[in-house]
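Peer 1: Predicted model and sequence follow; I will ask about them next.
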Number of protein chains: 2
Amino acid sequence: MSLEKVSSNKAFDGELVKYKFKSDALGGLDANFNLFLPANAAEGNKVPLLTYLAGLTCTEDNGAQKGHFLGPAAKEGIAILFPDTSPRGAGIEGETDSWDFGVGAGFYLNATHPKWAKHYNMLTHITIELPQVLETAGLPIDFKRQSIFGHSMGGHGALTLYLNSVLQGTKQYRSVSAFAPISNPVNCPWGQKAFSGYLQGGVDEARDKYDATELIKKLGKEPVHVLVDYGTADNFYKNGQLLPENFLKAARDTGYDEVQVRVRAQEGYDHSYYFISTFGEDHIHFHANFLKA
Amino acid sequence: MSLEKVSSNKAFDGELVKYKFKSDALGGLDANFNLFLPANAAEGNKVPLLTYLAGLTCTEDNGAQKGHFLGPAAKEGIAILFPDTSPRGAGIEGETDSWDFGVGAGFYLNATHPKWAKHYNMLTHITIELPQVLETAGLPIDFKRQSIFGHSMGGHGALTLYLNSVLQGTKQYRSVSAFAPISNPVNCPWGQKAFSGYLQGGVDEARDKYDATELIKKLGKEPVHVLVDYGTADNFYKNGQLLPENFLKAARDTGYDEVQVRVRAQEGYDHSYYFISTFGEDHIHFHANFLKA
């Protein structure tokens, strides 16, 4: 799993590097990711890691270019990892037919359907493989201080990876935030399509592992740190793809108050990176509270 | 010249709107632009206007999405106009053959070669037509307070439009700034190719009107407000396409000191929007000094 440097850009006094490596989790395919290291990162000064999961159709570049995360992360001294959103080049029949399934739409799960199980394992790729690859490469990151955030499908990914880490007691992530997350995917068309395709057990198999609203119902005593923003003018929200209200209700029913699970409806904002960039700095500061504690 | 709203995104409490109109300056073709209006803009509170000119291959979207300008502009209460970089759809033979000439590469001049003269008039489009279109539409902008900035080819555009406005005494722009501008185009391959194509008199015709280094030599007594940043790791700089040192020398020879013409070499930065975004806030603040004076 040796890393190849694809490109490098200085930004905000730090460095954004695009890397490539052969990914075991993704069935041996080449995987790209971007890593932003702030200027203060050094062998003697390992920095916390915040992972950003992008949404449908995106790559490792969208968040880095349009999220407005690098400036605030540079100020806070936090690294940001930008993975891709799916394997690329698996050559599976139909994988490029839809914009919301297959390439660009890995949904941050491990596929169990035989057709997809060899390559579509973004869950392992994000939670296990990438941290290992970074550590093996000797990058100055303190893996004991990790948090995660994401947008839309990536918001779903961030919430489910975080909540599972709390449920399983691994505590891999200290905090989670999401922009317009798919918050209850077993009850929306995007999630139902993805789960029916990737999982042998379909939507039923997903309920237990890959649905933030279902996952938070299983918690209650463990402290959590969750921030969610969505826009009231978001057409995907209006069309019932996001369902943050279901997640919010489940969190409150479980006993989490506004300090532990904060869900904010942002008046007039839509699903775009203009929305994300508006609240990007705020999310970085939210995570910095926990990453630097 | 009635405006059609193409799309609208709330951002940083303000609004970014993409408009379309039939452009006389561009020979009747449809022209797009983005306009960011901060939340405080209103009929009774007209705001200053900062125009951003993008570089080769770009559109009205690049600066809006990747420049990190909107947040600082929102805080300062400044509108930003993002024009396109050339006419589109003129159907002129060869106009899409190169990435550095024709479509996406209008060079912010008025073409005099008969082949291009009907459509390639970005100078008039930016300086006269767009302000008129905005004013006619009743948008809450104070046209007496304008500044201009840009990147690469757009840095060339910003510098030449500004310096010409000083020379001609129109004072259309109060200040100019540029990221990695093509600063002496008559002496670089990009400029020579563009001028040879668009102008009947070729490079000689350009010397007088479209070269920042030549233009600043004609000044000296008039106060100017110029900020230029370029990166020392910028390959186009290294390959002699930008020549900011020529512009700097001409400015100093003319008698302008560091307060009036500031040219900064930014160690290790390249030509990308990661460079621009790093210094975007700084440039907005620079202009705010003059726009809000």
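Peer 2: Happy to help now that I have it. Residues are numbered from 1 along each chain as shown, chains lettered A, B, ... in the order given.
Peer 1: Check which residues of stretch A:143-158 are buried.
Peer 2: By neighbour count on 16 or more other C-beta atoms under 10 Å in any protein chain shown, the buried set for stretch A:143-158 is A:145-158. Where you see a C-beta, it was placed from the backbone N, CA and C, and this is true even at glycine.
Peer 1: again, but for stretch A:262-273
Peer 2: A:262-263, A:266, A:269-273.
Peer 1: Narrow those to those in strands?
Peer 2: A:262-263, A:266 (DSSP state E).
Peer 1: what's near enough to touch the residue most central in space within chain A?
Peer 2: Chain A has A:Leu53 as the residue nearest its centroid, 3.0 Å off, counting by C-alpha atoms, centre = their mean. Taking C-beta atoms under 8 Å, 6 or more residues apart in numbering or on different chains, we find A:Leu53 in contact with A:83, A:85, A:108, A:126, A:148-151, A:153-155, A:157-158, A:161.
Peer 1: Point out the residues in the stretch 51-200 of chain A that sit beside chain B.
Peer 2: Residues of the stretch 51-200 of chain A lying close to chain B by C-beta under 8 Å from any C-beta of the partner chain are A:64-66, A:68, A:70-71.
Peer 1: And the residue of the stretch 151-293 of chain A found nearest chain B, how far from B:Glu15?
Peer 2: Residue nearest to chain B within the stretch 151-293 of chain A: A:Tyr274 (3.9 Å; C-beta to the nearest C-beta). In this view, A:Tyr274 and B:Glu15 are 9 Å apart by C-beta to C-beta, to the nearest Å.
Peer 1: list residues touching both of those two?
Peer 2: B:Asn9.
Peer 1: The helix or strand hosting A:Ile216 packs against which elements?
Peer 2: Assigned by DSSP states H and E, A:Ile216 belongs to helix A:212-217. Counting contacts by 3 or more C-beta pairs under 8 Å, 6 or more residues apart in numbering or on different chains; DSSP states H and E, helix A:212-217 is packed against helix A:153-167, helix A:202-209, helix A:244-254.
Peer 1: Report the buried residues of the strand or helix carrying A:Phe21.
Peer 2: Per DSSP H and E: A:Phe21 is located in strand A:14-23. Residues of strand A:14-23 classed as buried: A:14-19, A:21, A:23 (neighbour count, 16+ other C-beta under 10 Å).
Peer 1: ok, back up a step: which one of the helices and strands packed on helix A:212-217 has the most crowded surroundings?
Peer 2: helix A:153-167 (a mean of 26; mean count of other C-beta atoms under 10 Å in any protein chain shown).
Peer 1: State the mean pLDDT of that one.
Peer 2: Here helix A:153-167 scores 98 as its mean pLDDT.
Peer 1: From the contact counts, what lies against it?
Peer 2: strand A:47-53, strand A:141-151, strand A:176-179, helix A:212-217, strand A:226-231.
Peer 1: quick one: that helix to chain centroid distance?
Peer 2: Centroid separation for helix A:153-167 versus its chain: 7 Å, with C-alpha atoms, centre = their mean, to the nearest Å.
Peer 1: that older thread, what's the closest of the helices and strands packed on helix A:212-217 to B:Thr96?
Peer 2: Nearest of those to B:Thr96, taken as C-beta to C-beta: helix A:153-167 at 34.7 Å.
Peer 1: C-alpha coordinates for that closest one, PDB please?
Peer 2: Extracted in PDB, the C-alpha atoms of helix A:153-167 (Å, rounded to 0.1, in the frame of the first residue of the first chain):
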ATOM      1  CA  MET A 153     -24.500  11.000   1.100                       C
ATOM      2  CA  GLY A 154     -21.300  11.900   2.900                       C
ATOM      3  CA  GLY A 155     -23.400  13.300   5.800                       C
ATOM      4  CA  HIS A 156     -25.000   9.900   5.900                       C
ATOM      5  CA  GLY A 157     -21.600   8.300   5.900                       C
ATOM      6  CA  ALA A 158     -20.200  10.600   8.600                       C
ATOM      7  CA  LEU A 159     -23.200  10.100  10.900                       C
ATOM      8  CA  THR A 160     -23.300   6.300  10.500                       C
ATOM      9  CA  LEU A 161     -19.500   5.800  10.900                       C
ATOM     10  CA  TYR A 162     -19.600   8.000  14.000                       C
ATOM     11  CA  LEU A 163     -22.600   6.400  15.600                       C
ATOM     12  CA  ASN A 164     -21.300   2.900  14.900                       C
ATOM     13  CA  SER A 165     -18.000   3.900  16.500                       C
ATOM     14  CA  VAL A 166     -19.900   5.000  19.600                       C
ATOM     15  CA  LEU A 167     -22.100   1.900  19.600                       C
END
